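# sequence first, predicted model second:
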Amino acid sequence: MNRRFFGPAVIMAVLVVVLLLTPLPGTSDRVAAIENEDYKKFRIFTDVVGIVKENYTEEVDTEELIYGAVKGMLRGLDPHSSFLTRDEYSEMQVDTKGAFGGIGIEIGIKEGVLTVISPIEDTPAFRAGVKAGDMIIKINDKLTKDMTLADAVKLMRGPKGTDVTIWIMREGFDELKPFELTRAIIKIKSVRSRVLEEGFGYVRIAQFQENTTTELEKALEELGSRSGELKGLILDLRNNPGGLLQQAVRVSDLFLKSGVIVSTKGRAPGQDMSFEAKRAGTHNGFPIIVIVNGGSASASEIVAGALQDHDKAVILGTRTFGKGSVQTIIPLADGSAVRLTTSKYYTPSGTSIQAKGIEPDIIVGEEVKEHIKEKDLEGHLEEEAPPEDKEKIKVEEKTAIRVEGEDIQLKRALDYLKSWYIFQGTMKKVL
């Protein structure tokens, strides 16, 4: 059985699905756990199915009735629990490979409206000028009102070379504007890296896929992490919606010698888990700054929280998305599946970031209003009271994130890394 973390409550049109993988008790155990009294209430369901089958004005398919009922049941729990048809489940398994047919946008539902979280660089949507915060009112000829994320994704996906039109309303538009897009194979490169200045490296993780840790290790070695050439690292997790739990743990483990990386707590047996760092393979000897924002969710929050709590990295940017729940994928006999919220995860200090997010050590930039947060989603799990926070020094810069095309957060991160070495050199002279 597969469990993964879902990223900013978003299913993407490209679609970067972000889940966690682990086992649940068997189907027979789950059925046995349901009290006999509950079975009596199932009579209402079977009665309604019978009434519809017998009396509805047109003939209806039993599977469609049951699927619709199950979708409604799970949708009422929280924003991340849902039912996956056979096709949707199959697509979800493809998503974590990082390549699929689509238009290149991340979507969510804000105040009941299908909304663009962000376009992905170098994709049809990005090139056509689709922007974060755009409201998608129609997909082809279908209105999106009351449409599920999964259904919206299904409409926007398709084979390379085929066309889809999304009708967008944006602040400043007088009427709906059609964006005619030709689908392409969307490849999400998990890790990108470059040298900013001599000795200072930059690594961006776009999402946590199957090969993220392998790609990251290669990037770190090319930057000189083993040879001593790397004097400082900037790890960019902005707009990273999450990904595979195993990869978030392994990425954290690359920088930690020991201690808890993340733990999970749930009601069912087997849901309480703890993942610990191992000394072998650790990359250290250089300071790290992690950049985050409101689009950093789930698995990326795990990495940021682990490095922050272990004082291994300074977190810079704006408060993260705040998705602290774990979804388990439970396959069903007909090839469909249930995606169910089964537990919450906690940072090494025992803090739940659910509906709260990771607070940066250095606040640079103002929160972008287009960023949908976990707390904005209907039916979200409420945040928990935090344990006693350890005292932290907070630095706050009320600066726009970008000025005339300049990435101020990245610039500040590099300035802080360089200042560290300047400060060290000054102290040696003083002493």
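That came through, no problem. Residues are numbered from 1 along each chain as shown.
# can you show me the helices along the stretch 151-300 of the chain?
Using DSSP state H, counting those that start in this stretch, the helices found in the stretch 151-300 of the chain span residues 212-223, 245-253, 299-309.
# which helices and strands sit right next to the first one?
When contacts are defined as 3 or more CB pairs under 8 Å, 6 or more residues apart in numbering; DSSP states H and E, helix 212-223 packs onto strand 191-197, strand 200-205, helix 245-253. Every C-beta, even on glycine, is put in place using the N, C-alpha and C of the backbone.
# same question for the shortest one.
For helix 245-253, the elements it packs on are helix 212-223, strand 260-266, helix 299-309, judged by 3+ CB pairs under 8 Å, 6+ apart.
# mean confidence score for the last one?
Over the span of helix 299-309, the pLDDT mean works out to 97.
# which non-adjacent residue is nearest residue 325?
Nearest residue to residue 325, sequence neighbours excluded (CB to CB, 6 or more residues apart in numbering): residue 341, at 4.9 Å.
# what comes into contact with whichever strand or helix holds the one you found?
Using DSSP states H and E, residue 341 sits in strand 337-346. With CB atoms under 8 Å, 6 or more residues apart in numbering as the test, strand 337-346 has contacts from 3, 5-6, 19, 24, 70, 74, 77-78, 80-84, 89, 92, 262-268, 271-272, 302, 324-332, 352, 354, 381, 384.
# for the nearest residue to residue 243 once chain neighbours are set aside, grab the count of nearby residues.
Distance criterion CB to CB, 6+ apart; nearest residue to residue 243, sequence neighbours excluded, is residue 208 at 2.4 Å. Other residues lying near residue 208 total 35 when counted by other CB atoms under 10 Å.
# equivalent analysis for residue 159, please.
8.
# that one touches residue 185, doesn't it?
No. With contact defined as CB atoms under 8 Å, residue 159 does not reach residue 185; the gap is 9.3 Å.
# quick one on the thing from earlier: and the average pLDDT for the strand holding residue 341 is what?
Across strand 337-346, the average pLDDT comes to 93.
# skip ahead from that strand and say which helix or strand is next.
strand 362-364.
# now that following strand: buried residues?
Neighbour-count burial for strand 362-364, counted by 16 or more other CB atoms under 10 Å, picks out 362-364.
# still on that earlier bit, got the CA positions of the strand holding residue 341 in CSV?
Provided in CSV are the C-alpha atoms of strand 337-346 (Å, rounded to 0.1, in the frame of the first residue of the first chain):
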residue,chain,number,x,y,z
ALA,A,337,-8.5,3.5,-4.6
VAL,A,338,-9.3,5.6,-1.5
ARG,A,339,-7.0,8.4,-0.6
LEU,A,340,-7.6,8.9,3.1
THR,A,341,-6.1,11.3,5.7
THR,A,342,-4.8,8.9,8.4
SER,A,343,-2.4,10.8,10.5
LYS,A,344,-0.5,14.1,11.1
TYR,A,345,3.2,14.6,10.9
TYR,A,346,5.4,16.5,13.4
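# how far does that strand sit from the chain's center?
Put simply, strand 337-346 sits 14 Å off its chain's centre (CA atoms, centre = their mean, to the nearest Å).
# same question for stretch 55-67.
Centroid separation for stretch 55-67 versus its chain: 35 Å, with CA atoms, centre = their mean.
# what about residue 359, how many neighbours?
17.
# and the gap between the residue lying closest to it once chain neighbours are set aside and residue 80?
Distances taken as CB to CB, 6+ apart place residue 319 nearest to residue 359, at 5.7 Å, with adjacent residues excluded. Residue 319 is 20 Å from residue 80, where distance means CB to CB, to the nearest Å.
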